[in-house]
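Student: Below are the sequence and a predicted model; questions follow.
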Amino acid sequence: EAGVAQSPRYKIIEKRQSVAFWCNPISGHATLYWYQQILGQGPKLLIQFQNNGVVDDSQLPKDRFSAERLKGVDSTLKIQPAKLEDSAVYLCASSLDTTTGGELFFGEGSRLTVL
Amino acid sequence: GNSVTQMEGPVTLSEEAFLTINCTYTATGYPSLFWYVQYPGEGLQLLLKATKADDKGSNKGFEATYRKETTSFHLEKGSVQVSDSAVYFCALGPSNDYKLSFGAGTTVTVRA
């Protein structure tokens, strides 16, 4: 079974530039998550989708971050304009359903460096 | 709100040593508790979980028991191997969805 795919793996940009990350979840997984992991910290949820609808985006900095999952499969996370503090690993995860105690499957992450 | 506090690292051990990583939590209701592991160059993956008080999760020789009275979920392994070198994350999920709150992670290095 193919895992969660993310690209690019690494990205270096100047502050105020824009960047986009792509995620393809495990086939059949209805729920998709984007997490931000700053060095030395645990992952923090940015946004959660159920199919193509947003379930939780309470911690997404909406003035600069946006995410979409138009057809309920792939998702894109965009940052525009980037700030130095956005340097982090952006993790995509998916899960089969929302049953309590289930498992999230993570991609390898996209590492962003903002100079 | 929900939060997780786990032991700071890094932790360096010799092969066959005993490993404990402490994790305590603050939560309302009846959360599920998880340990995720991130091996070098790989994504986070679920190591074990417990969904109610007194449950014991186990996998790959690791164990953790959900202790409601001490709000803890400490990870243990009796005899570590070099292949156990990784970053370990304790996580807490509420009782009604998958929104996980992660600890800061503990880096474990096992020397041969």
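Tutor: The structure has been received and is ready for your questions. It should be emphasised that the depicted structure is a prediction, and the values quoted were computed from it without experimental measurement.
Student: Please make it C-alpha for all contacts and neighbour counts, starting now.
Tutor: OK.
Student: Count the residues that sit near residue 74.
Tutor: You didn't say which chain, so I picked chain A. 18 (other C-alpha atoms under 10 Å in any protein chain shown).
Student: try again with chain B
Tutor: Residue B:74 has 19 neighbouring residues, counting by other C-alpha under 10 Å.
Student: Now the phi/psi pair for the closest residue to it other than its chain neighbours, please.
Tutor: Once flanking residues are discounted, residue B:74 sits nearest to residue B:22: 4.5 Å by C-alpha to C-alpha, 6 or more residues apart in numbering or on different chains. Backbone torsions of residue B:22, given as degrees, to the nearest 10, read phi -80, psi 140.
Student: how about the strands in the chain?
Tutor: Just going to use chain A. With DSSP state E, the ranges of strands along chain A come out as A:5-7, A:10-13, A:19-24, A:31-37, A:44-50, A:53-56, A:65-68, A:75-79, A:88-95, A:105-106, A:110-114.
Student: nope, chain B
Tutor: Assigned by DSSP E, chain B shows strands spanning B:3-6, B:11-14, B:19-21, B:23-26, B:32-38, B:45-50, B:56-59, B:62-65, B:75-77, B:86-93, B:101-102, B:106-111.
Student: Name every strand pairing with the third one and say which way it goes.
Tutor: Taking DSSP bridges as the criterion, strand B:19-21 sits next to strand B:75-77 (antiparallel) in its sheet.
Student: Tell me which of the strands of chain A lies nearest to chain B.
Tutor: Evaluated over the strands of chain A, closeness to chain B peaks at strand A:105-106, with 5.5 Å, by C-alpha to the nearest C-alpha.
Student: If I look at residue 97, what pLDDT would I see?
Tutor: I went with chain A, as the question did not name one. Per-residue pLDDT puts residue A:97 at 70.
Student: that's the wrong chain, I meant chain B
Tutor: Residue B:97 carries a pLDDT score of 63 in this model.
Student: how many neighbours does the nearest residue to residue A:77 once chain neighbours are set aside have?
Tutor: Nearest residue to residue A:77, sequence neighbours excluded (C-alpha to C-alpha, 6+ apart): residue A:67, at 4.4 Å. When neighbours are counted by other C-alpha under 10 Å, residue A:67 registers 22.
Student: residues contacting residue A:67?
Tutor: The neighbours of residue A:67, taking C-alpha atoms under 8 Å, 6 or more residues apart in numbering or on different chains as the test, are A:47, A:75-78.
Student: measure it to residue B:30 for me?
Tutor: 31 Å (C-alpha to C-alpha, to the nearest Å).
Student: Same check on residue A:25?
Tutor: Residue A:25 is 29 Å from residue B:30, by C-alpha to C-alpha.
Student: out of these two, which sits in the busier spot?
Tutor: It is residue A:25, of residue A:25 and residue B:30, that has more neighbours when counted by other C-alpha under 10 Å, with 27 against 14.
Student: Mind pulling up the pLDDT for the closest residue in space to residue B:43 that isn't next to it in sequence?
Tutor: Nearest residue to residue B:43, sequence neighbours excluded (C-alpha to C-alpha, 6+ apart): residue A:108, at 4.0 Å. We have a pLDDT of 93 for residue A:108.
Student: could you list every residue that touches residue A:108?
Tutor: By C-alpha under 8 Å, 6+ apart, the residues touching residue A:108 are A:4-6, A:9, A:91, B:41-44.
Student: go with 7 Å
Tutor: Contact partners of residue A:108, counting by C-alpha atoms under 7 Å, 6 or more residues apart in numbering or on different chains, are A:6, A:91, B:42-43.
Student: Brilliant, that's me finished.
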